[in-house]
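Undergrad: Sequence plus predicted model, see below.
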Amino acid sequence: MTNDLMLLLPLIIVGVGAIALMLASAYKIINNTSAALGSALVFAVAFLVQLSFCLKGNAVLFSDTFNGILVANTFSKGAGLVILACGLFTSLSSQTYFKQNDFCSPEYYSLTVFAASGMLLLTMTQELISAFVALEIMSLAIYILVGYNRKNVVAAEAVLKYLMLGAFAGAFLTMGTAFVYGQTGTTQFAKIGQYIAANGFTQSPAIIGGAFFILVAFLFKAAAFPFHAWVIDVYDGASMPITGYMATGLKTAIFAVFANFLVADAQLHAGWITFLFYVSVLTMFAGNLIAIGQYSLKRMLAASGIVHSGYLLIALVAVSTEAFSGAVIAYYLAAYAAGTLGIFSALSYLSGKDEKRVTFDDFKGLAKVRPYSAAAISIFLLSMAGIPPTAGFMGKFYIITSAIDAGQVTLAVLGIISSVISMWYYLRLIINMYFYEAEESFADTVPSSLASACTFALAFCVFAISLYPLAI
Amino acid sequence: MFEHVLSFIIFLPIVAGLLLLATPANRTVARFTGTAISLAALVLSLDLYTKFQATGHLEFIENIPWVESLGINYSLGVDGISLFILMATSVLLPMVYFIFSTKEKGYYANLLLVQGAMTGAICATDMVLFYIFWEVMLLPVFFMLGLYGGEKRLPATLKITLYTIAGSLLMLAAIIYLGVSYHAQFGEWSFAMDKMANLNLEGRVAALAFFGFMIAFAIKIPLFPFHTWLPDAYTEAPTATTFVLSAVMAKIGVYGVVRFVLPVFDMEFARYAILLAYLGVIGMMYCGIAAIAQKDFKRMLAFSSASHMGIIALGVFCMNVQALTGSIYQIVAHATSTGVLFLFAGVLEQRTQTRSIADLGGIAAKAPVFALYFAIAMLASVGLPGTSGFIGEFMIILGAIKFNTMVGVLAGTTLIVGVCYMLWMFQRVFYENPTPQSEGFKDLSLVEGLTFLPVIVLIIAMGIFPNTFLKKITPSTELVFSQSEPAAVHTAAVTPVQVPGLNLEKN
């Protein structure tokens, strides 16, 4: 019992921290900066605790204490680690971001921590009801964060779109749960798997329909085709650090629960593999098409996030009950998170007041004025494009290896073609930063700040992660 | 230290380059560092060369496990084939720092980075490690071309980058396919190059993987019809970059074919060799004829370089020891002749501010030493007996005739085209009427003259004493064909691809 609760410690720390921050801001005993540092402290402590668990590497199932609702295996621990790191870097770069923007209040940081508690729970959940609860804890906090800038019309539009569509996704998840429960009498992934293994997947329309609804909900949150259209506007409307947080932490949580759901049941996975194959291909190419046409950097990054969801779906198609593919997904999420968070923390201090610099052209000649920032951004872009020796390359390498190993050669080749296409919009920013004369002095940006520290730390992470060998 | 000598040769330049970029060093420091580091790499390489045993197998092996779960290792080693490309890199690159000065420290830093990455690609014996260095060596070229290139540098940069990356990613898929096949056939993960020869590959996917490798290498070499990025990139790039591209990077493409395609895909290679050989010959002719028509001497040299890469590639596709040995020899010869000609072209451009052949004339009278050096490099490039170029081309043509008479005859005749454009250009630039641009042309300074001297001596030495060099190459090239012994057996059974309209020799 104590041992099991110990493994839940990061979640407890984050939950308690969120409540404490919320109370402290309600009684106005902290200001924005101390709230930022407080939330960073919560994330840092939880991260270190999680890291110590990861290094110990004891996978204990919670079957006794929590009735099989939660799990703490290597995969969920790795995903939790990524989420906590995302939270940490988001809090720190938010602090810098709000030096130039004035719509902050201490509750903002409390909400980022609340969102992280939902995400952590989501990575560990092995059951549909708790998955729904965790998803809603996370989503409610994120809805508020997206619309935090109340005076901004774009943010209002973003939050409305996200809330409406997200509520639909939540409804789909509950409906799917109801269908599956009606047929199998259980909401636990493992027991659903046992039921399907005994009775077959195609036997019951309730199972097919239920599984379909659940997949739709996950695909929606993961920004996969054809549920990707909201991403561009929502990411564009949210403030810079929150966009980064959604693109990394939220995506990590969703793919973790998605993988757990599929891995728990080989039959279910086999039943949907063709569907996921097409979804993955269409997600990559739709994302690429959208990204190529973008003028705003933030929208391009949103679209490139869709493409990366496509790569992660390749890994999901190739996922097997062996831990190997799970490790591949966790590794890719870490690599992708380092690159994306890095670029968003760089944009947090470079974009200026009211995010006035967000287009490709605004960053022309950045290398002449801020060489180190430009170098860091280039490292992140190269990582996202999958050029060695960055983490993004190793992540892509592992994904393609697992796909070919699973016999999905076509999917692997399509993934590679997609990454050739994606090269264009990543290189475009590097070309703008390096090969043009500076049009702006970027004088209003804070020269040394928490966000720039985050940026350089993440640039280091990109290389460090790439050297870290993937263990089966 | 000596067991890690390859790592030192690779990472000295890379670390120095990164440090230069990360610190606010000025350009004098950068140039000095570049010179010192590249000379240090040269000393280490010369030491390596003298200690090389010429067993034919890999020597100076380093092996550190990296991703153990997938059998990926940090493993390095050189044999007679890679040794010579490594030597060409180490010997030629220090020259650049003596000859050219620029305003930017980034230029020198990138040169160091590209040197390290190219050496890494040559020495890597693990496919994943090779791929990493292969991709990394493009990045400094991207920045050098985009930052310091000529007026139309942006389209040229994009063209070379997207072209090569598209090729490399196909190769990545093929590499992974080999690793997965090894896992499937032998029950353990490995990406080691030498183990891949044991693979038993057949079927459509194997053919696709073969083309995955071939297209990546064909783009890098470049083999006709994948050469279209070359004229723009070579012309727009700053001299040192063109030099690096033509003298070393193109060769790594050929090296890749010898390392990956020959031993692993012996069946496919035997089947498509005739087609590839014709592509090599067509490339020779096409680029040679294009070179005659050029008005810009740098562009002319670019086409000339592509034309010569055609014959080097042909040597590899002929599937016999003579031609392959000739190719490796010609790789060094081409690096010392055409590579150096690009440096001379850079000197011409720097002093006359023009690249147009028509604007120049009568330089020989103003600068006799420069004219002499240029003439020696040029004659080596066209394959005059007594120079390095002759030995390699002779061996390739010999092997080509053994392989297929028609290919050999066509390749042999095409060599004349090279003589045409080179001598014609030499006549117009160095002898005919002086023009205003070439009026105040200064001869090479003492430093410049001494810098080029070793290479000029090397060109002649390689032409007169080929055996000193050949005896280090031959054991490895012979091993390539003994390894793929099944290929020789299969060759008879494999029907070569029919080339419509070109199967005259079938009788």
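TA: Looks like it came in fine. Numbering: from 1, shown residues only, chains lettered A, B, ... in the order given.
Undergrad: Next one: the closest residue to chain B within the stretch 1-150 of chain A, what pLDDT does it get?
TA: Nearest residue of the stretch 1-150 of chain A to chain B (Cβ to the nearest Cβ) works out as A:Thr74 at 12.7 Å. For the C-beta atoms, the positions are set from N, CA and C on the backbone; glycine is no exception. On pLDDT, A:Thr74 comes in at 78.
Undergrad: That one contacts A:Gly326, doesn't it?
TA: Yes - look at A:Thr74 against A:Gly326 with Cβ atoms under 8 Å: they come within range, at 7.5 Å.
Undergrad: Between the two, tell me which one has more neighbours.
TA: More neighbours surround A:Gly326 than the other of A:Thr74 and A:Gly326, with 25 against 18 (other Cβ atoms under 10 Å in any protein chain shown).
Undergrad: list the contacts for the more buried one?
TA: A:74-75, A:259, A:263, A:319 (Cβ atoms under 8 Å, 6 or more residues apart in numbering or on different chains).
Undergrad: same thing but 7 Å
TA: By Cβ atoms under 7 Å, 6 or more residues apart in numbering or on different chains, the contact set of A:Gly326 is A:75, A:259, A:263, A:319.
Undergrad: With B:Val419 instead?
TA: Contact analysis of B:Val419 by Cβ under 7 Å, 6+ apart lists B:Val382.
Undergrad: Convert whichever strand or helix holds it to CSV, retaining C-alpha atoms only.
TA: Assigned by DSSP states H and E, B:Val419 belongs to helix B:405-426. Provided in CSV are the C-alpha atoms of helix B:405-426 (Å, rounded to 0.1, in the frame of the first residue of the first chain):
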residue,chain,number,x,y,z
THR,B,405,33.5,-3.5,-74.9
MET,B,406,31.0,-0.9,-75.9
VAL,B,407,31.0,0.9,-72.6
GLY,B,408,34.8,0.8,-72.6
VAL,B,409,35.1,2.3,-76.1
LEU,B,410,32.5,5.0,-75.4
ALA,B,411,34.2,6.0,-72.2
GLY,B,412,37.7,6.0,-73.8
THR,B,413,36.5,8.2,-76.6
THR,B,414,34.7,10.6,-74.4
LEU,B,415,37.9,11.4,-72.6
ILE,B,416,38.9,13.5,-75.6
VAL,B,417,36.0,15.9,-74.9
GLY,B,418,37.8,16.7,-71.6
VAL,B,419,41.0,17.6,-73.5
CYS,B,420,39.0,19.9,-75.7
TYR,B,421,37.4,22.1,-73.2
MET,B,422,40.3,22.2,-70.9
LEU,B,423,42.9,23.1,-73.4
TRP,B,424,40.6,25.6,-75.1
MET,B,425,39.9,27.3,-71.9
PHE,B,426,43.6,27.4,-71.0
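Undergrad: Now do the buried residues in it.
TA: Residues B:406-408, B:410-412, B:414-415, B:417-419, B:421-422, B:425-426 are the ones in helix B:405-426 that count as buried (16 or more other Cβ atoms under 10 Å in any protein chain shown).
Undergrad: Closest to B:Thr102 out of those residues?
TA: Distance to B:Thr102, by Cβ to Cβ, is smallest for B:Met425 among the buried residues of helix B:405-426, at 26.5 Å.
Undergrad: My guess is that closest one contacts B:Phe297. True?
TA: Yes - the criterion here is Cβ atoms under 7 Å, and B:Met425 meets it with B:Phe297 at 6.2 Å.
Undergrad: Who are the packing partners of the helix or strand containing A:Tyr425?
TA: Assigned by DSSP H and E, A:Tyr425 belongs to helix A:409-435. With contacts taken as 3 or more Cβ pairs under 7 Å, 6 or more residues apart in numbering or on different chains; DSSP states H and E, helix A:409-435 sits against helix A:266-292, helix A:297-318, helix A:366-369, helix A:371-385, helix A:391-405, helix B:138-148, helix B:153-186.
Undergrad: Low-confidence ranges, the chain, go.
TA: You didn't say which chain, so I picked chain A. For chain A, the stretches flagged by pLDDT under 70 are A:1-3, A:57-65, A:265-268, A:320-325, A:446-448, A:471-472.
Undergrad: oops, chain B please
TA: By pLDDT under 70, the weakly predicted segments of chain B are B:1-2, B:103, B:483-507.
Undergrad: Buried ones in the longest strand belonging to it, by neighbour count?
TA: In chain B, taking DSSP state E as the definition, the longest strand is strand B:59-67. Residues of strand B:59-67 classed as buried under the neighbour-count rule (16+ other Cβ under 10 Å) are B:59-60, B:62, B:66-67.
Undergrad: Please identify the buried residues of stretch B:189-201?
TA: Within stretch B:189-201, the residues scored as buried using 16+ other Cβ under 10 Å are B:189-197, B:199, B:201.
Undergrad: oh, I was asking about stretch A:407-424
TA: For stretch A:407-424, by 16+ other Cβ under 10 Å, it's A:408-409, A:411-423.
Undergrad: tell me which of those residues is nearest to A:Gly386?
TA: Set against A:Gly386, the nearest of the buried residues of stretch A:407-424 by Cβ to Cβ is A:Ser419 (5.2 Å).
Undergrad: Now do the same contact list for the closest residue to the closest one other than its chain neighbours.
TA: Residue nearest to A:Ser419 in three dimensions, not counting chain neighbours: A:Gly386, with 5.2 Å by Cβ to Cβ, 6 or more residues apart in numbering or on different chains. For A:Gly386, the contacting residues are A:392-393, A:396, A:419, by Cβ under 7 Å, 6+ apart.
Undergrad: Now do the buried residues in the helix or strand just after the helix holding A:Tyr425.
TA: Scanning forward in sequence from helix A:409-435 by DSSP H and E, the next helix or strand is helix A:450-467. Buried positions in helix A:450-467, judged by neighbour count with 16+ other Cβ under 10 Å: A:450-459, A:461-462, A:465-466.
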